[in-house]
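# let me see the structure of the following:
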Amino acid sequence: MRFLVNEFIPKESRLRIKISFHRTLFNLETWVKCVWIRKMPYSDRYEIGVEFVDMPLKAADYLVSFIKDYLDIKGE
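I've put the predicted structure just below:
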């Protein structure tokens, strides 16, 4: 997963994120680790890539299911 951020975040930093899924009551709050970062050209912002860490199995299963359903809808 990637994000745009306004300040430099060192690699290996752990961040707490919250993801809200539109049209559902499910919200995911979990830890991620920054695995890469790069400065956006012509901007003061950064793009970071993160990986999930210590995510509860139920949340991971829901996230995978949500993404699969989304991709199926987009593919129609």
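# residue contacts, residue 30?
The neighbours of residue 30, taking C-beta atoms under 8 Å, 6 or more residues apart in numbering as the test, are 16, 17, 19, 52, 53, 54, 55, 56, 59. The way it works is simple: take the backbone N, C-alpha and C, and place the C-beta from them, glycine included.
# what's the answer for residue 60, then?
Under the criterion of C-beta under 8 Å, 6+ apart, the neighbours of residue 60 are residue 52.
# equivalent analysis for residue 42, please.
Contacts for residue 42 (C-beta under 8 Å, 6+ apart) come out as none.
# quick check: mean pLDDT across stretch 60-70?
Summarised as a single mean, pLDDT over stretch 60-70 is 83.
# do stretch 18-35 as well
Regarding stretch 18-35, the rounded mean pLDDT is 85.
# now do that stretch: distance from first to last residue.
In terms of C-alpha to C-alpha, to the nearest Å, the two terminal residues of stretch 18-35 are separated by 18 Å.
# now tabulate the contacts of residue 30 in a markdown table and tack on secondary structure.
Compiled in a markdown table, the contacts of residue 30 are given as follows (DSSP: H, G, I helix; E, B strand; the rest coil):
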| residue | secondary structure |
| --- | --- |
| 16 | strand |
| 17 | strand |
| 19 | strand |
| 52 | strand |
| 53 | strand |
| 54 | coil |
| 55 | coil |
| 56 | coil |
| 59 | helix |
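# closest to residue 72 among those residues?
Distance to residue 72, by C-beta to C-beta, is smallest for residue 19 among these, at 19.5 Å.
# show the buried residues in the contacts of residue 30.
Among these, those classed as buried by 16 or more other C-beta atoms under 10 Å are 55, 59.
# for residue 37, what is the enclosing helix or strand?
Taking DSSP states H and E as the criterion, residue 37 maps to strand 27-39.
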